[in-house]
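Novice: this one's structure only:
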């Protein structure tokens, strides 16, 4: 299915649940409302024309200092989906604000979301509701803050931790 | 009572509060040679079989993604060397291609073929390392030595082209650093002859070897559905019978113009993964040979006409401002150390002055070239893709290697995300080893070919 048709399919199914769509550089993208995202995932995965059975990548972007977006919703959680049977891709995004940085977890649909979401929580401090085990993945437990946030200084040092007593 | 509890725990006697045997927690790694020193597996054991496992990663986290945001686009290329340090060329090219997608430029035909050739050589060396190391962990030390010998031939090729063996930084946005050296094709064929011989020998040693098969067949298997649900790609997915390969599914560079097969397995166990990797190496060598034959532009002879001049005095004259006539002088610079000669530069790089550094003759020989050079080097200038975002996937040695870059229109990437190919298999590792024996952790972990550089970034 060609990218435009996928986006059309999503907008016609979810209507106001789709905030905006674009296809910059040939990557078809839909920004989805947080309340509709789980439904959108399920639709993308199970619809016979879409069949996005692989959650290729899950990450986030902090738009705190992005020119023109300083006052909008701060975070964007980005999902890259791929369909093995149809060989097409789509990118879904959810925007969340800083005070309410929560997104429903996709673990129930794709088990790989478990680790991807742990990494996003670790790096950005975005919580995933319904995640069975939301621990840090790359950093250690005692680490303070979320390093990939734009307001985390790149040269910040944290105290060394010793062995647990 | 204490004595009784101890007997319960250690000998599994009785059925008191401890209900006989108890589960034992064993830390495998991080300081364990089979875990490469960077992974910790907390395994819950019932006797000798693994009931549950928790995999802990992050011991090699170097803030790759954060560091990329702090410098201009080309500064991230040395960092990408250190993602998958067994096949760094693929990471290099993947990143460069993603920035090119963001800029909307297409590299030259010769550059595409050079990228294909170098990527496939890297893939072979990666598979050699994976099979060699995992066979060594099972006690087959000879195989390791043979494979590393073959890898040495390939790394000599890489050294010939890039000037380095591991941290090669060969790609540039819009091209590559240097052309292939003279008579490269001959060297490649010689190295491949040796590699094929090693593969044949190793095939005789391992394929069908009773000890090896006992450890590998049916071990660490993951069903086809689960492999897909865990977003596992690359040899592991193909071993489960899905013929997904980014090179075929969404061809990039020159992969749609070469012939190759996608080897697949059936059972998705360690043995099939081994077979897939062995078959893939042959296919990669096939691709390289075809690409070398089809390399457009052909051999470029750089004849020094007129006054021969050594590069240093050329550069000296340019720095003193004595540029009159310099542009007319063809010079031969060492392609690996000082940059490209002009004719080769044109064949390899896009003619886009906003992206690619000019050839050194122009930088030192004319004011326009010097300005062009500074506009790309100075802080706040450099490559500035328009606002937007792009995802570009290449087939890394371990599966789909994706880069997702967000640009805010400045000379620094706003966000660089690397989708590491060995991350999903590591997430699925607990599923692969649950129910298996402790000793099976080692070959299963080896078959994933975990590269901590890209896993932890």
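Specialist: It's in. Treat the numbers as computed from the prediction; the structure is a model and nothing was measured.
Novice: tell me the contacts of the closest residue to residue B:430 other than its chain neighbours?
Specialist: In space, and not counting its chain neighbours, residue B:430 is closest to residue B:53: 4.3 Å by Cβ to Cβ, 6 or more residues apart in numbering or on different chains. C-betas here are computed from N, CA, C, even on glycine. Residue B:53 makes contacts with B:41, B:42, B:43, B:44, B:429, B:430, B:433, B:434, as judged by Cβ atoms under 8 Å, 6 or more residues apart in numbering or on different chains.
Novice: In helices, which of these fall?
Specialist: If you go by DSSP state H, the contacts of residue B:53 have B:429, B:430, B:433 in helices.
Novice: now that we're looking at the second one, how far away is residue B:405 from it?
Specialist: This points to residue B:430. 32 Å (Cβ to Cβ, to the nearest Å).
Novice: Then the first one?
Specialist: Residue B:429 sits 29 Å away from residue B:405, going by Cβ to Cβ.
Novice: hang on, the earlier thing: who's more crowded, residue B:430 and residue B:405?
Specialist: Using other Cβ atoms under 10 Å in any protein chain shown as the criterion, residue B:430 and residue B:405 rank with residue B:405 on top: 24 against 16.
Novice: So the more buried one sits against residue B:97, correct?
Specialist: No. Using Cβ atoms under 8 Å, residue B:405 is not in contact with residue B:97; the gap is 10.5 Å.
Novice: And the strands in chain A?
Specialist: Under the criterion DSSP state E, strands of chain A are mapped to A:18-22, A:29-32, A:54-62, A:75-83, A:88-96, A:102-104, A:127-129.
Novice: is it possible to export those to a markdown table including distance to residue B:166?
Specialist: Output for the strands of chain A, formatted as a markdown table (distance: least, Cβ to Cβ, whole Å):
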| stretch | distance to residue B:166 |
| --- | --- |
| strand A:18-22 | 40 |
| strand A:29-32 | 36 |
| strand A:54-62 | 27 |
| strand A:75-83 | 29 |
| strand A:88-96 | 32 |
| strand A:102-104 | 39 |
| strand A:127-129 | 37 |
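Novice: between those, which gets nearest to residue B:92?
Specialist: strand A:54-62 (19.6 Å; Cβ to Cβ).
Novice: Okay, angle between that closest one and strand A:75-83 too, please.
Specialist: On the basis of axes from the mean of the first three to the mean of the last three Cα atoms, to 10 degrees, strand A:54-62 is oriented at 160 degrees to strand A:75-83.
Novice: who's in contact with strand A:54-62?
Specialist: Contacts with strand A:54-62, where a contact means Cβ under 8 Å, 6+ apart, come from A:74-84, A:89, A:106, A:109-110, A:112-113, A:116-117, A:119-120, A:123-124, A:126, A:148-150, B:228, B:231, B:233, B:391, B:393, B:400, B:402, B:404, B:406, B:414-415, B:417, B:419.
Novice: okay, the angle between that strand and strand A:88-96?
Specialist: 40 degrees.
Novice: Partner strands of strand A:54-62 and their direction?
Specialist: strand A:75-83 (antiparallel) (DSSP bridges).
Novice: And the contacts of the partner strand?
Specialist: Contact partners of strand A:75-83, identified using Cβ under 8 Å, 6+ apart, comprise A:31, A:41, A:44, A:50-63, A:88-98, A:101, A:103, A:106, A:120, A:124, A:126, B:391, B:402, B:404, B:417, B:419.
Novice: hmm, try it at 7 Å
Specialist: Under the contact criterion Cβ atoms under 7 Å, 6 or more residues apart in numbering or on different chains, strand A:75-83 has outside partners A:44, A:50-63, A:89-96, A:101, A:103, A:120, A:124, A:126, B:391, B:404.
Novice: re earlier: could you give the bridge partners of the residue nearest to residue B:430?
Specialist: residue B:43.
Novice: and residue 45, how many residues sit next to it?
Specialist: No chain in the question, so chain A it is. A count of neighbours around residue A:45, defined by other Cβ under 10 Å, yields 19.
Novice: Chain B is the one I meant
Specialist: With other Cβ under 10 Å as criterion, residue B:45 counts 17.
Novice: surely it meets residue B:22?
Specialist: No. Using Cβ atoms under 7 Å as the test, residue B:45 is too far from residue B:22 to be in contact (10.0 Å).
Novice: ok, back up a step: distance-wise, check the residue nearest to residue B:430 relative to residue B:23.
Specialist: Residue B:53 sits 12 Å away from residue B:23, taking Cβ to Cβ as the criterion.
Novice: before we move on, what about residue A:9?
Specialist: Separation of residue A:9 from residue B:23 (Cβ to Cβ): 49 Å.
Novice: need the contact list for the closest residue to residue A:49 other than its chain neighbours.
Specialist: Leaving aside its sequence neighbours, residue A:49 sits nearest to residue A:1 (Cβ to Cβ, 6+ apart; 5.8 Å). Residues near residue A:1 by Cβ under 7 Å, 6+ apart: A:49, A:86, A:88.
Novice: So which of those wins on neighbours?
Specialist: Greatest neighbour count in the contacts of residue A:1, by other Cβ under 10 Å, goes to residue A:88: 20 neighbours.
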